[in-house]
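Trainee: One predicted model, sequence on top.
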Amino acid sequence: MSEATWYFEDFEAGKTIEVGTRSITEEEIITFATQFDPQPFHVDKEAAAKSIYGGIIASGWHTCSIMMRMMVDGIQRSAASLGSPGLDEVRWLKPVRGGDTLTVSTTVLESKPSSSKPDRGVVLTVWEARNQHGELVATVKGKGIYLRRPKT
């Protein structure tokens, strides 16, 4: 791990951090879904056009993968992160389509020092992805474990 700039103490309850923006193409949607979620409305233009979605939409897992990459690039790469014990909730609220631009933010819901390991704490966050119209398309709620800032 390179020198961290984000420690447990930086994740105060109520804090919202904008982590980035990324556009997605229909080609990316089909490529991801072909490998990981090959349902017709993700991979077959003709079938997708006849579906309730009226066209190709991203797999929710693809949307989550994009959000994860943005979190790594925006925060985790420079955080004293020890990983995550898991997610509590994932919601796919609106379809993501080729040409959409997603903006991701994370909001700290709770920040708690570990009672058994004083060098770290657990942070509960909710990630939000919005499209270019400001519509909420996905949320991910989960916990991360971060080292506490070293005493100097």
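Mentor: Yes, it's here. Residues are numbered from 1 along each chain as shown.
Trainee: what sits against T5?
Mentor: Neighbour list for T5: 78-79 [criterion: CB atoms under 8 Å, 6 or more residues apart in numbering]. The C-beta positions use only the backbone N, C-alpha and C, and glycine is treated the same way.
Trainee: buried stuff in the host helix or strand of H62?
Mentor: For H62, the host element (DSSP states H and E) is helix 60-74. Judged by neighbour count (16 or more other CB atoms under 10 Å), helix 60-74 contains these buried residues: 60, 62-64, 66-67, 70-71, 74.
Trainee: From the contact counts, what lies against it?
Mentor: strand 16-23, helix 26-36, strand 86-92, strand 101-113, strand 120-130, strand 136-147 (3 or more CB pairs under 8 Å, 6 or more residues apart in numbering; DSSP states H and E).
Trainee: where are the low-confidence patches of this structure?
Mentor: Along the chain, the model assigns pLDDT under 70 to residues 1-2.
Trainee: In it, which residue is most central in space?
Mentor: When CA atoms, centre = their mean is applied to the chain, the residue found nearest the centroid is M67 (3.0 Å).
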